[in-house]
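Chemist: missing the sequence, but the structure's below:
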């Protein structure tokens, strides 16, 4: 079958339904983690299909992040001290390390998340996992007192994200790449932790032209599914 998708619709979750009910603009944050140029990147093409349909509605506010234009630094000891030991941001060096630029990056990108209702990730599968740049970004934005806090009843979200959309591409077949839900568990686990338990997946698999003659048909079906989902967002009430 050409193309695969796993659309776990949560359009009527409490957060998103409230947004639709009030007919307010929906704030969407897209994050690209694929360094390949557009014509060689299946997940970027799926993302563009989604954005073209979203933008045509004129209803939503879209902010776009490219992790290669705005790369995250690695989570280091200064970030750890800031988050877990209440070390002031301007405390300077620790154990010979300079003050982490990661703290400024963390603060800026956590603010992006707090202003978002729908988070969209464009992700290529590399070695059965995500690109390191996306893992570094997730490590920084899943931060106590910024995107979640420890409350009396456990983890309390400090964001309004009601929907996570994953736009995925892989050279091989999804069943092998995601055996036992390995890939999706790694990618979605941190977001479940901060209160985003459900997600939608649009996956263009078998994208290696040397191995799969129907790679383009699979990509086109994934793009069609992205357009359909964007239309759903535009017309939901």
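Modeler: Ah, there it is. If you're wondering where the values come from, they're calculated on a predicted model, not measured in any experiment.
Chemist: Going along the chain, name the helices of the chain.
Modeler: 14-21, 42-57, 77-84, 101-114, 132-141, 174-177, 182-193, 215-235 (DSSP state H).
Chemist: which helices and strands does the third one pack with?
Modeler: Spelled out, that is helix 77-84. If contacts are counted by 3 or more CB pairs under 8 Å, 6 or more residues apart in numbering; DSSP states H and E, helix 77-84 sits against helix 101-114. In short, each C-beta sits where N, CA and C put it, glycine included.
Chemist: got the angle between the helix it packs on and helix 77-84?
Modeler: Angle of helix 101-114 versus helix 77-84, following axes from the mean of the first three to the mean of the last three CA atoms, to 10 degrees, is 50 degrees.
Chemist: Now helix 101-114: average pLDDT?
Modeler: Across helix 101-114, the average pLDDT comes to 92.
Chemist: what does it rub up against?
Modeler: Contacts to helix 101-114, defined as CB atoms under 8 Å, 6 or more residues apart in numbering, come from residues 29, 63, 65, 72-76, 78-79, 82-83, 89, 119, 137, 140-141, 143, 146-147, 158-161.
Chemist: Buried only: go through those for me.
Modeler: 29, 65, 72-73, 75, 78-79, 82-83, 119, 137, 140-141, 143, 146-147, 158-161 (16 or more other CB atoms under 10 Å).
Chemist: so who does the residue most central in space within the chain touch?
Modeler: Residue closest to the average C-alpha location in the chain (CA atoms, centre = their mean): residue 121, at 3.1 Å. By CB under 8 Å, 6+ apart, residue 121 lies in contact with 30-31, 33, 134, 164-167, 187.
Chemist: Closest one to residue 39 out of those residues, please.
Modeler: Comparing these against residue 39 with CB to CB picks out residue 167 as the nearest, at 16.4 Å.
Chemist: Quick one: residues contacting the closest one.
Modeler: By CB under 8 Å, 6+ apart, the contact list for residue 167 reads 43, 46-47, 50, 120-123, 202, 222, 226.
Chemist: from these, which is closest to residue 129?
Modeler: Among the contacts of residue 167, residue 123 lies closest to residue 129 (CB to CB), at 9.8 Å.
Chemist: neighbours of the nearest residue in space to residue 48 that is not next to it in sequence, just the number please.
Modeler: In space, and not counting its chain neighbours, residue 48 is closest to residue 38: 7.3 Å by CB to CB, 6 or more residues apart in numbering. Neighbours of residue 38 under the rule other CB atoms under 10 Å: 10.
Chemist: got a pLDDT number for residue 38?
Modeler: Residue 38 is given a pLDDT of 96.
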